Each structure stands twice: as structure tokens, then as C-alpha cells.
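Participant: sequence and predicted structure below; questions after.
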Amino acid sequence: MISVIGLAVKSDIVPPNPDGLFVNFERVGYSSGNAEISSAPLFDILGAFNIGFRYYINKNSVFNISGYFIDPSILPSYFSDEKENSELYFYSLSAYNHANFNIGKISFKSHAQGSFLGIKSNQDDNNFNMNGLSLRGIGQAGYYVTDDFEIFGAAETGYLASIFVNPYPDDQDVDAFIKEAKEKSIYSSIRGGLRFFSGDIFGMEIGTRYTLLDSPLRLFQGYNTTDYIYNFFNLVSMISNLGNDEDPFKNVNIPFITTDYYLSFTVRF
């Protein structure tokens, strides 16, 4: 009986889709068993053109590659009569391996990720490409109080392996930012909280995060949608400070979104 209970605990890896074309609540794609290729149509509509490849190494481990090309002018064009040519583009290529192993009701999860991120500016007086390669890892341990309810703790660290700018801008603010990013890119943080799983796809996580060692790369921390929104607010604030502009989010305090305590409904890989 103890063995059956131990094997019944959930995994945070979403199982493969059936062979052939598939459509779920966030992606559409094609599956050939252990391998899948797909795209998230909602992001495409918003101007974040994307494609992903997924390979199930075994039932406890998955490898994923995703690429994004973001045109910020797409979304504003829905509210105007004519689409203006964008002067700034963002692109990324990210790969991760996520593993989830359970020993009885104790869970161990590891997440290793490499990301190639880039910004392209087409402005006549400020035409440049900036690219960076970041590496990060997350280790987690948890205990399943029930088959669907987990108490967990996690530690994360990352650093900027390299950064390239072409042509190198003659701007002291940008130069200072790049120098700091190279020299002080290592960050580390911890988090802890509760997870609740429902079925093979849905899950909810409530917890709090705490930064141990800060750096600009912390703006790419985390693994769920709430983390990404939290990072976006911090990124805008940082860019405003670099340009000596007023922070538009200075007085914004949204519970579970812009705070270190958070709530997320996207905790599956």
C-alpha cells in the first residue's frame, strides 16, 4: 500500500500529446510520440511569433527548445488605423531540460536552461544589435502531503556567459550597463510555498521569492507566467532609471503580481 501511494504522486511534466495534430488550451502542433513541434497562436496574434520543439527523454525528463521573434508594433496597431514600422525588435532562443523524480512522497526537480536573447534597433541614429547568452539552474525539493498537494522549496542561480553588441554604441549609460552585466551578472534566489495539481495539465502555485544575490540577470528569473510579468515590471523600471526617466511603475503594487509573494496557474513543464 505504501508503494502504491508513493508511485501515485503527481509529476509536473505534462504528458505527451497523442500522435498527430493536436490543439490544447495554449498550443497547436503536431506530435509523433516522444517528439512535438508546436506554436502558441495567442502570442502570434499579439506579435510574439513563436515556435517550439519538445522531446520526452523518458517519463521523468523532458527537453524543450523555443524561439520567439517579437514585434512590439503589432499590438498597438490593433488600436489605430495604420500599422507603423517598428524601430525595435526582440528575439530569443531558449533550451531547457526539466527532470522530476519522486522517492515515495518526496520529490526532487531540476531545471537547467540556456537562453540566447537579443534586441535589434532599426533607428537611423541608433542602429544596433545586442545579444546575450545566459545560463541558469533551478533545484527544487518537495513533499506531497496528498497526491495533489505539495510543499516545496527551491534555489535558483544564473549568470551571463557572454554579451555582444554590434556596433558598440557610444553611450556612457549603455556602456556602464554592459560592463556591470559582464562583471556582476551572477544572481541567486530562493523560493518556497505550496503547489496544487489538478489532472495532468493544470496546477496552481502560491509562494514567496527572496533574492540572495542581485544582478541585472535577475530580470530573467523564474519559470512561470507570474514570474515573467514580475520581471517585465522590473525591466521597465530599470530602463527608466538608466535613461533618468520617471519610473512609470513607481507606485504600482499589484498583489501576487509585482510583489515577492506570488500566485501562478502555470507550473507545469
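Facilitator: Yep, it's here.
Participant: ranges for the strands of the stretch 151-269 of the chain?
Facilitator: Remark: strands assigned in the stretch 151-269 of the chain by DSSP state E, counting those that start in this stretch are 187-198, 202-213, 261-264.
Participant: show me where the chain has helices.
Facilitator: 2-7, 41-45, 74-77, 172-183, 225-242 (DSSP state H).
Participant: now render the strands of the stretch 151-269 of the chain as TSV, adding mean pLDDT.
Facilitator: As requested, the strands of the stretch 151-269 of the chain are exported to TSV (pLDDT from 0 to 100):
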stretch	mean pLDDT
strand 187-198	93
strand 202-213	91
strand 261-264	91
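Participant: quick check: which of those is nearest to residue 157?
Facilitator: strand 187-198 (4.3 Å; Cβ to Cβ). Quick note: C-beta positions are derived from backbone N, CA and C, even for glycine.
Participant: who are the packing partners of that closest one?
Facilitator: strand 149-166, strand 202-213 (3 or more Cβ pairs under 8 Å, 6 or more residues apart in numbering; DSSP states H and E).
Participant: just the angle between it and helix 225-242, please?
Facilitator: Between the axes of strand 187-198 and helix 225-242, defined by axes from the mean of the first three to the mean of the last three Cα atoms, to 10 degrees, the angle is 150 degrees.
Participant: so which bits of strand 187-198 are buried?
Facilitator: 187-189, 191-193, 195, 197 (16 or more other Cβ atoms under 10 Å).
Participant: ok, the most centrally placed residue in the chain to residue 232 distance?
Facilitator: Geometric centre of the chain, nearest residue: residue 223, 4.6 Å, by Cα atoms, centre = their mean. To residue 232, residue 223 is 15 Å away according to Cβ to Cβ, to the nearest Å.
Participant: how about residue 43?
Facilitator: 14 Å.
Participant: picking that back up, out of the helices and strands packed on strand 187-198, the one nearest residue 27 is which?
Facilitator: strand 202-213 (14.4 Å).
Participant: who's in contact with the closest one?
Facilitator: 12, 152, 157, 186-198, 218, 221-222, 224, 256, 260-268 (Cβ atoms under 8 Å, 6 or more residues apart in numbering).
Participant: who does that strand pair up with?
Facilitator: Strand pairing for strand 202-213, determined by DSSP bridges: strand 187-198 (antiparallel), strand 261-264 (antiparallel).
Participant: tell me which of those sits nearest to residue 179.
Facilitator: strand 187-198 (16.7 Å).
Participant: got the contact list for the closest one?
Facilitator: 10, 12, 142, 148-159, 203-215, 217-218, 221, 267.
Participant: need the helices and strands packed on strand 187-198 in TSV (columns: mean neighbour count and distance to residue 175).
Facilitator: As requested, the helices and strands packed on strand 187-198 are arranged in TSV below (neighbours: other Cβ atoms under 10 Å; distance: least, Cβ to Cβ, whole Å):
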stretch	mean neighbour count	distance to residue 175
strand 149-166	17	9
strand 202-213	15	24
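Participant: cool, thanks, talk later.
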